[in-house]
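Colleague: sequence unknown, structure follows:
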Ligand SMILES: Cc1ncc(COP(=O)(O)O)c(C=O)c1O
């Protein structure tokens, strides 16, 4: 896949995919094409540029659902800023009267951890933080009666997946609760974990799936009945009178406007469509290569006695520390070798710092732009440091 990232210099080893992906050429071309050929607003515009924008944006909504193997009769797609914004937007609109408690897990990113904390505090609801199994599953032997469950489906520090997502959703629905999924880390390399899910809402960031900076919300149509309206303005109304208005999101074809106040990032949305097209064409060999690089790093780190590995399984996201060596210093040493990795707690302070009591960590997260030579360089640099 490297030729789609031909702007990358061979000395640069970008290993911070979990934060944001590099963008392949077709995505950059789609964005440039919008800005240079038909830069226009996507709604109610009659001139050809706007008509084209509108058609392409609608097409991306369909592509997102197809990529997740979900149906437009059940779900709609809205665009927002990022995963954090999407989660907060939905939690701020959910009417608390439908819930008896809010449940999250111990390995959550602060986006989920803090937004669930805020929801519980604001609405004076009990909040439970459940320990996830080592394989990423959420234990189901508990009371989910009218529970609002908000959890990630792929971790951003060791890649563990919510393997029992489908059972969880079935169980929670049976007990009149709902499930919101933080899918920030799933869409690039683990989308299958979401296939045909019945979850009530899925929030993710296009910038972690080879697309421009953008948030995406995929929401069950029947969830709208539990949502109040917080933001309202342009792009969300069909008619306005002195003291009232007719909301576009009352129209089943325009449900998505519920989360889209004001002008949208049309070019970025269109380029997300190009990213999905690109992801769907990734050859099996490239996926296998990424798995083999992940395994090579995992095997090396497992054997190296000075490396304390957080992962229990290989993943394109791998976190560790080296005994007796400050991880931030190690990050700087790797940077000197052209290796761009992250250090610290990766916005998972509660679990990594307070539950596991790890020192700050190093995280290497690989993407489809990486090569065998990148992985060899990482291993060589770590050996040198040790
Ligand atoms: C699992 C997870 N959730 C949420 C987020 C937040 O994403 P964003 O900063 O794009 O809102 C991240 C970002 O790293 C993440 O990995």
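Modeller: Sure thing, it's come through. Model, not experiment: these values are computed from the prediction.

Colleague: Now the helix or strand where residue 115 lies: average pLDDT?
Modeller: Per DSSP states H and E, residue 115 falls inside helix 110-123. Per-residue pLDDT over helix 110-123 has a mean of 98.

Colleague: got the residues of the stretch 101-250 of the chain near the ligand?
Modeller: 109, 111, 152, 156, 182, 184, 185, 205 (CB under 6 Å from any ligand atom). Any C-beta I mention is one placed from the backbone N, CA and C, and that applies to glycine too.

Colleague: If the third one is in a bridge, with which residues?
Modeller: I take that to be residue 152. residue 182 (DSSP bridges).

Colleague: cool, the last one as well?
Modeller: On the basis of DSSP bridges, residue 205 is bridged to residue 215.

Colleague: my guess is it contacts residue 82, does it?
Modeller: Yes: between residue 205 and residue 82 a contact is recorded at 4.8 Å, counting by CB atoms under 8 Å.

Colleague: more neighbours, those two?
Modeller: Per other CB atoms under 10 Å, whichever of residue 205 and residue 82 has more neighbours is residue 205, with 27 against 21.

Colleague: Quick check: residue 351 touching residue 104?
Modeller: No: Residue 351 is beyond contact range of residue 104, at 11.1 Å (criterion: CB under 8 Å).

Colleague: Now for residue 205 and residue 82: what residues contact both?
Modeller: Here residue 205 and residue 82 have 213, 214, 215 as joint contacts, going by CB atoms under 8 Å, 6 or more residues apart in numbering.

Colleague: which residues sit in contact with residue 93?
Modeller: Residue 93 neighbours (CB under 8 Å, 6+ apart): 227, 228, 229, 230, 258.

Colleague: want to try TSV for these, with distance to residue 302 and secondary structure as columns?
Modeller: What follows is those, written out as TSV (distance: CB to CB, whole Å; DSSP: H, G, I helix; E, B strand; the rest coil):
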residue	distance to residue 302	secondary structure
227	46	strand
228	50	coil
229	51	coil
230	48	coil
258	47	helix
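
Colleague: Just the closest of those to the ligand, please.
Modeller: residue 230 (18.4 Å; CB to the nearest ligand atom).

Colleague: So the closest one sits against residue 92, correct?
Modeller: Yes: using CB under 8 Å, residue 230 is in contact with residue 92, at 5.3 Å.

Colleague: More neighbours: which of these two?
Modeller: The neighbour comparison of residue 230 against residue 92 (other CB under 10 Å) goes to residue 92, with 15 against 11.

Colleague: List the residues that contact the more buried one.
Modeller: For residue 92, the contacting residues are residue 230, by CB under 8 Å, 6+ apart.

Colleague: which secondary structure element contains it?
Modeller: Going by DSSP H and E, residue 92 is part of helix 83-93.

Colleague: List the strands paired with whichever helix or strand comes after that helix, with their directions.
Modeller: Counting by DSSP H and E, the next helix or strand C-terminal to helix 83-93 is strand 101-105. Sheet pairing of strand 101-105 (DSSP bridges) gives strand 126-130 (parallel), strand 147-152 (parallel).

Colleague: right, so the ones you listed: which one is the most enclosed?
Modeller: strand 147-152 (a mean of 26; mean count of other CB atoms under 10 Å).

Colleague: any chance you could map the strands in the stretch 201-350 of the chain?
Modeller: Ranges of strands within the stretch 201-350 of the chain are 201-205, 215-220, 237-240, 245-247, 307-309, 317-322, 339-340, 342-344, based on DSSP state E, counting those that start in this stretch.

Colleague: what's the spacing between the last one and its chain's center?
Modeller: This points to strand 342-344. 19 Å (CA atoms, centre = their mean, to the nearest Å).

Colleague: I'd like the next helix or strand past that strand.
Modeller: helix 349.

Colleague: Could you list the low-pLDDT ranges of this protein?
Modeller: For the chain, no stretch has pLDDT under 70.

Colleague: Need the residue closest to the centroid of it.
Modeller: residue 184 (1.1 Å; CA atoms, centre = their mean).

Colleague: Contacts only, for that residue.
Modeller: Counted by CB under 8 Å, 6+ apart, residue 184 has contacts 83, 109, 111, 152, 154, 156, 203, 204, 205, 208.

Colleague: likewise residue 163?
Modeller: 135, 136, 137, 193.

Colleague: just residue 44 next, same as before
Modeller: With CB under 8 Å, 6+ apart, residue 44 has these contacts: residue 50.

Colleague: which element is it on?
Modeller: Going by DSSP H and E, residue 44 is not in any helix or strand.

Colleague: re earlier: which other helices and strands contact the helix holding residue 115?
Modeller: helix 83-93, strand 101-105, strand 126-130, strand 147-152 (3 or more CB pairs under 8 Å, 6 or more residues apart in numbering; DSSP states H and E).

Colleague: so how far is residue 274 from the closest residue to residue 270 other than its chain neighbours?
Modeller: Spatially, and ignoring its direct neighbours in sequence, residue 270 is nearest to residue 56 (4.7 Å; CB to CB, 6 or more residues apart in numbering). Distance of residue 56 to residue 274, computed by CB to CB, to the nearest Å: 10 Å.

Colleague: swap in residue 326?
Modeller: For residue 326 relative to residue 274 (CB to CB), the value is 41 Å.

Colleague: Show me which of the two is the more surrounded one.
Modeller: Counted by other CB under 10 Å, residue 326 and residue 274 do not tie: residue 274 has more neighbours, with 26 against 13.
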